[in-house]
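**Q** fold the stuff below for me.
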Amino acid sequence: MMKALVFEKGGLDNLKVRDVEKPMVSSHDVLIKIKIAGVNPVDRFVVELTREVRPIPHIPGSEFAGVVDEVGDHVTDLKKGERVIVYNRVFDDTCDMCLSKSEMLCRTGGIRGVITNGGFAEYTTVPERNAFKIPEEVSWEVAASLPVSALTPYHALMEAGLKAYETLAVFGASGNTGSFAIQFGRKFGAKVIAVSRKNWIRDFGADDVLAYQDVIGRIKEITLGKMADVVLNSLGSEMWLTALDVTGLKGRLVFFGVLTGSKVDLALDRIYAKQIKIIGTTGGTRKELQELIGISTSLNVRVWKKFKLEDGAKALKALSDYERDGRILLEI
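**A** Presented below is the predicted three-dimensional model:
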């Protein structure tokens, strides 16, 4: 038996720690003793909405890291005691999306912790192909942030084709994904403008930190009227028109996430007049996750609070806390 956060019907108050069966290890799987898990909006949506969630009763948790505890008899590259993170996409490895190295778009797949049980538990099993070794010198806090919080903006910036000496504007810069987007922007050689009310984000490599209220005028001033080459918006509808306004000629507006809503005024005139490319992205590839592991010792994460497993509902509620000032993690 093991302890896990479980719910049977929607609502954070229905998320409780229970004793459940420890998962069995099949031939190509690894059993992971989970050390730490990231808390993300997708986890809250899973618990509150329960749409397309399976199985029920359900264990949420889409981002986590731990130690290999047992391996199946056909596992070749992992052994007990190794530190690993988990690529959080379920994929069949046979559809056209998988064969083109876009596993996150697998036609029969989905997100671990949504269409499978997740990592808000003491143990979980995953296929060997989903588990990636991490260096000993990488902190658990950074490790637990690589599969979602880091991979999502990394993939977005790769899709947007951010180049050295371009200007990147990041909306939601102090959020889970935003602080990593800033770090990647600097590594790509871009000038990075963070749009946030939190000045500490400058420590992650932002050249300028701007308040939402005067962002259009300030970006125009900073860029001498050119505006941003790439704009990343992880917030949703609330910042949509502003994000369009700060995107320059032939710029790329890349987005993911609907924290502030999913319905927008598309503003066609603003798009075609500046020949803007609008790019939607989700997750990332296994290859990109490997690339992140390769630079993981140079990445940083700001942790606001850590919760114990039994306080999982409080951790998910804290995502919407106005005072939140960094990542929320579950120590398991």
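**Q** low-confidence ranges in this protein?
**A** Within the chain, the ranges that satisfy pLDDT under 70 run 260-261.
**Q** show me it divided up by domain.
**A** 2-145+301-331, 149-280 (automatic domain parsing).
**Q** mind checking the end-to-end distance for the first one?
**A** When you say that, I think you mean domain 2-145+301-331. Domain 2-145+301-331 has an end-to-end distance of 15 Å (criterion: Cα to Cα, to the nearest Å).
**Q** follow-up on the earlier one: can you say which of the domains of the chain is nearest to Arg286?
**A** Among the domains of the chain, the nearest to Arg286 by Cβ to Cβ is domain 2-145+301-331 (5.4 Å). C-beta: built from backbone N, CA, C; applies to glycine.
**Q** sec struct for Arg129, please.
**A** Secondary structure for Arg129, judged by DSSP: H, G, I helix; E, B strand; the rest coil, is helix.
**Q** got phi/psi on the residue nearest to Arg18 when sequence neighbours are not counted?
**A** Distance criterion Cβ to Cβ, 6 or more residues apart in numbering; nearest residue to Arg18, sequence neighbours excluded, is Val6 at 4.7 Å. Dihedral pair for Val6: phi -140, psi 140, per degrees, to the nearest 10.
**Q** report how many residues lie close to Val6.
**A** By the criterion of other Cβ atoms under 10 Å, Val6 has 21 neighbours.
**Q** could you do the one 4 residues further on as well?
**A** Number of residues near Gly10 (other Cβ under 10 Å) recorded here: 15.
**Q** for the spatially closest residue to it that is not a sequence neighbour, give me its contacts.
**A** Of all residues not flanking Gly10 in the chain, Thr50 sits nearest, at 4.2 Å (Cβ to Cβ, 6+ apart). Applying Cβ atoms under 8 Å, 6 or more residues apart in numbering to Thr50 gives the contacts Phe7, Lys9, Gly10, Ile56, His58.
**Q** from Asn300, how far out is the closest residue to the fourth one other than its chain neighbours?
**A** Right, Ile56. Leaving aside its sequence neighbours, Ile56 sits nearest to Glu8 (Cβ to Cβ, 6+ apart; 6.1 Å). Glu8 sits 38 Å away from Asn300, going by Cβ to Cβ, to the nearest Å.
**Q** using TSV, lay out the domains of the chain together with distance to Gly294.
**A** Below are the domains of the chain laid out as TSV (distance: least, Cβ to Cβ, whole Å):
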stretch	distance to Gly294
domain 2-145+301-331	9
domain 149-280	11
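**Q** for those domains, which one sits closest to Leu292?
**A** domain 149-280 (5.5 Å).
**Q** which one of the contacts of Thr50 is nearest to Leu268?
**A** Of those, the one sitting nearest to Leu268 (Cβ to Cβ) turns out to be Gly10, at 37.0 Å.
**Q** confirm the closest one sits in a strand?
**A** No. Counting by three-state DSSP, Gly10 is not found in a strand; it is coil.
**Q** ok, Thr125 to His58 distance?
**A** 16 Å.
**Q** ok, now Val25?
**A** Distance of Val25 to His58, computed by Cβ to Cβ: 21 Å.
**Q** higher neighbour count, those two?
**A** The neighbour count for Val25 versus His58, taken as other Cβ under 10 Å, is higher for His58 (25 against 17).
**Q** quick one: contacts for the more buried one?
**A** Contacts of His58 by Cβ under 8 Å, 6+ apart are Val6, Phe7, Glu8, Val46, Thr50, Asn117.
**Q** with respect to Leu157, which of these is nearest?
**A** Among the contacts of His58, and counting by Cβ to Cβ, the member closest to Leu157 is Val46, at 26.2 Å.
**Q** sounds good, over and out.
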